[in-house]
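> no sequence for this one, just the structure:
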């Protein structure tokens, strides 16, 4: 692959933008094209707690997640404008369980019984939490600083010439003619920040309470095959009630907004090169979590 070659990245969510950054850093010319601009994508809805969720296979996901964890950890230390912070938190469990399958991706994890009433145990660890409104702008700025472009373009098919990286998420049903990619609807409620500095997660449901600098994201839902992007008031009330079992202060927190995103779930993440196309989609609920790891592999695949 010549360093003056042009690469078209299809998709402007977190995976597409991260791939574009890594390709530009490798010296390539990169143009990102997408139907939805960064703040319109599913990535913009994400609570963006680093956590391998609805993504397989386990071995590759663990490796990609470990790479991303290290990059986010460094960003939190060196670039406060990125919107990345490292925060402690706990995943609660109804019964004590062995270590999670993704244990190798985190530097440290402790078993704990210091959990709210109704749970028996938990895993506590420090992990990246990413404010996606800030971070997507940061990624887009990085693309442009490195000489790349981001253009709204509604494609009916992948570009037929040149090198292409397909990061189209759910769009891969059309662009990759891949019907195994299905939407998994995720709804969240964003409430005012009331001084919370720890995240909480119960993977059943799932239920999560994720603090950001200026607000707190409460979720969630996991409804496979549902294409609706309209928030349900009843679902929002149920999520807040579930979240309040973990963080009682939620009962009086002021609601700021409601959002829905459609996770692109697939039996396994597709990351492979076919001719001049590298397919990189199907990251489920772990797009942020896997983003830097898969981007490094995309660069390696194009360099062959």
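Noted; the coordinates are in hand. Since the structure is predicted, the reported quantities are computational estimates derived from the model, not experimental observations.
> Burial check on residue 88, number of neighbours?
When neighbours are counted by other C-beta atoms under 10 Å, residue 88 registers 11. Where you see a C-beta, it was placed from the backbone N, CA and C, and this is true even at glycine.
> now swap in residue 66 and tell me
Residue 66: 17 neighbours (other C-beta under 10 Å).
> residues near the residue lying closest to it once chain neighbours are set aside, how many?
Distances taken as C-beta to C-beta, 6 or more residues apart in numbering put residue 105 closest to residue 66, at 4.0 Å, once the chain neighbours are dropped. For residue 105, the neighbour count with other C-beta under 10 Å is 24.
> Hmm, residue 51 and residue 105 touching each other?
No. Applying C-beta atoms under 8 Å as the test, residue 105 and residue 51 come out as separate, 9.8 Å apart.
> could you measure the residue nearest to residue 66 against residue 68, distance?
8 Å (C-beta to C-beta, to the nearest Å).
> Give me the three-state assignment for residue 143.
helix (DSSP: H, G, I helix; E, B strand; the rest coil).
> Can you get me a residue count around it?
Residue 143 has 26 nearby residues by other C-beta under 10 Å.
> which residues touch it?
When contacts are counted by C-beta atoms under 8 Å, 6 or more residues apart in numbering, residue 143 touches 17, 20-21, 24, 30, 32, 149-150.
> Mind pulling up the pLDDT for residue 88?
Here the pLDDT value assigned to residue 88 is 98.
> could you say what helices and strands the host helix or strand of it packs with?
Per DSSP states H and E, residue 88 falls inside strand 84-93. Counting contacts by 3 or more C-beta pairs under 8 Å, 6 or more residues apart in numbering; DSSP states H and E, strand 84-93 packs against helix 58-78, strand 121-130, strand 199-202.
> Which residue, other than its chain neighbours, is closest to residue 212?
Here the residue nearest residue 212, using C-beta to C-beta, 6+ apart, is residue 131, at 4.6 Å.
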